[in-house]
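Student: sequence first, predicted model second:
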Amino acid sequence: MSTSARDTELVEIGHDECLRLMASGAVGRVVFTDFALPAAHPVNYILDGEEVVFRTGTGSKLAVATRNAVVGFQVDEIDEDSRTGWSVLGVGVAYEVTEPGRLVDLAGRMPTPWAPGRIAHTIAIPLQQLSGRRLAVVSAVS
């Protein structure tokens, strides 16, 4: 049975739950500015502490646009049948990871990029702002 809009409520998600949900995801969207216009690119990623980390290729718009720029990172999970789900948004100043020890550590944990040749740059986004919302089924009160 499908859930109607009246059967759900929008609930704010706390910081720790936002991190847990973000850690459970595999693909998110990096939101950045491209020639003064908003742009969003999907990436596969890991959560390393309170930083989102992903890889991208040399010369890509994403590599250029995310170096020392304020960017957003959004991940969600939506169930269209039940009309439930969650969305988490983090904002921070992206930087390229260059410290050799950290790169070695991350290399063993990073997912294989879905797009070939996208491993030249490892980018991290410290989650300086983090917010989330969940659209949840409301329990019936008898």
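Tutor: Structure received. Model, not experiment: these values are computed from the prediction. Numbers count the residues shown, from 1 in each chain.
Student: in terms of secondary structure, what does the longest helix along the chain contact?
Tutor: Longest helix in the chain by number of residues (criterion: DSSP state H): helix 15-24. Secondary-structure packing of helix 15-24 (3 or more CB pairs under 8 Å, 6 or more residues apart in numbering; DSSP states H and E): strand 46-48, strand 70-79, strand 84-93, strand 129-137. The way it works is simple: take the backbone N, C-alpha and C, and place the C-beta from them, glycine included.
Student: same for the first one, what does it pack against?
Tutor: It stands for strand 46-48. helix 15-24, strand 51-56.
Student: looking at the ones you listed, which one is packed in the most?
Tutor: Mean neighbour count (mean count of other CB atoms under 10 Å) peaks for strand 51-56 among the helices and strands packed on strand 46-48, with a mean of 23.
Student: after that one, which helix or strand is next?
Tutor: Using DSSP states H and E, the next helix or strand after strand 51-56 towards the C-terminus is helix 61-66.
Student: what are the buried residues along that next one?
Tutor: 62-63, 65-66 (16 or more other CB atoms under 10 Å).
Student: what sits against residue 128?
Tutor: Residue 128 makes contacts with 90-93, as judged by CB atoms under 8 Å, 6 or more residues apart in numbering.
Student: with residue 120 instead?
Tutor: Neighbouring residues of residue 120 by CB under 8 Å, 6+ apart: 55-58, 63.
Student: returning to that earlier point: buried ones only from the contacts of residue 128, please, as a PyMOL command.
Tutor: The following PyMOL line selects those of those that are buried, judged by 16+ other CB under 10 Å:
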select buried, resi 90+91+92
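Student: neighbouring contacts of the longest helix of the chain?
Tutor: Here helix 15-24 makes contact (CB under 8 Å, 6+ apart) with 13, 28, 47, 50, 52, 75, 77, 86, 88, 90, 127, 130-132.
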